[in-house]
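[1] Sequence first, predicted model second:
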Amino acid sequence: MIKNWSSGREENKEIKVLAQHICMSVLKAQRVIDQIRGRSYEETLMILELMPYRASYPILQLVYSAAANANHNMGLNEADSFISKAEVNRSTIVKKLRPRARGRSYPIKKPTCHITIVLKEKSKS
């Protein structure tokens, strides 16, 4: 689920996008997020497309969504924007039971995370 927030003030143009309950570990998503924080939009796309990690695909979709929302809702140009804030938070853990020998069961824990990305326009000065 992706949520979008845009700031109401015109002088501070930023788009905030949140993806919730992404099925991956926080640490695996964090190592991708640390690489793109503070970078320009175009540089972020190049980095995410070439990263060999599975965590880069949902983050790439989120960056695309943030840029499309910035273009459509506020009229911002993607080339003039950068990732001002990117964070990963821990979410719920989905627990299942795996059947094992002799009627026993072992737990399966699938961690999920929330990913927040804030896209901001570069200042003209």
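    Thanks, I have the structure now. What you are looking at is a predicted structure, and each value in this text was computed from that prediction instead of being measured.
[2] Please make it C-alpha for all contacts and neighbour counts, starting now.
    OK.
[3] quick one: residue 107 from residue 76, how far?
    47 Å (Cα to Cα, to the nearest Å).
[4] more neighbours, these two?
    Between residue 107 and residue 76, counting by other Cα atoms under 10 Å, residue 76 is the more crowded of the two (19 against 10).
[5] What's the local residue count around residue 20?
    Neighbour count for residue 20, taken as other Cα under 10 Å: 18.
[6] From residue 113, how far out is it?
    Separation of residue 20 from residue 113 (Cα to Cα): 7 Å.
[7] likewise residue 30?
    With the distance defined as Cα to Cα, residue 30 ends up 10 Å from residue 113.
[8] So for the two, which residue has more residues nearby?
    The neighbour count for residue 30 versus residue 113, taken as other Cα under 10 Å, is higher for residue 113 (21 against 16).
[9] which residues touch the longest helix anywhere in the chain?
    In the chain, with assignment by DSSP state H, the single longest helix is helix 56-74. The contact list for helix 56-74 (Cα atoms under 8 Å, 6 or more residues apart in numbering) reads 4, 13-19, 22, 29, 32-33, 45, 48-49, 76-78, 115, 117-119.
[10] Tell me the gap between it and the middle of its chain.
    9 Å (Cα atoms, centre = their mean, to the nearest Å).
[11] And for stretch 25-43?
    Averaging C-alpha positions (Cα atoms, centre = their mean) puts stretch 25-43 8 Å from its chain's average.
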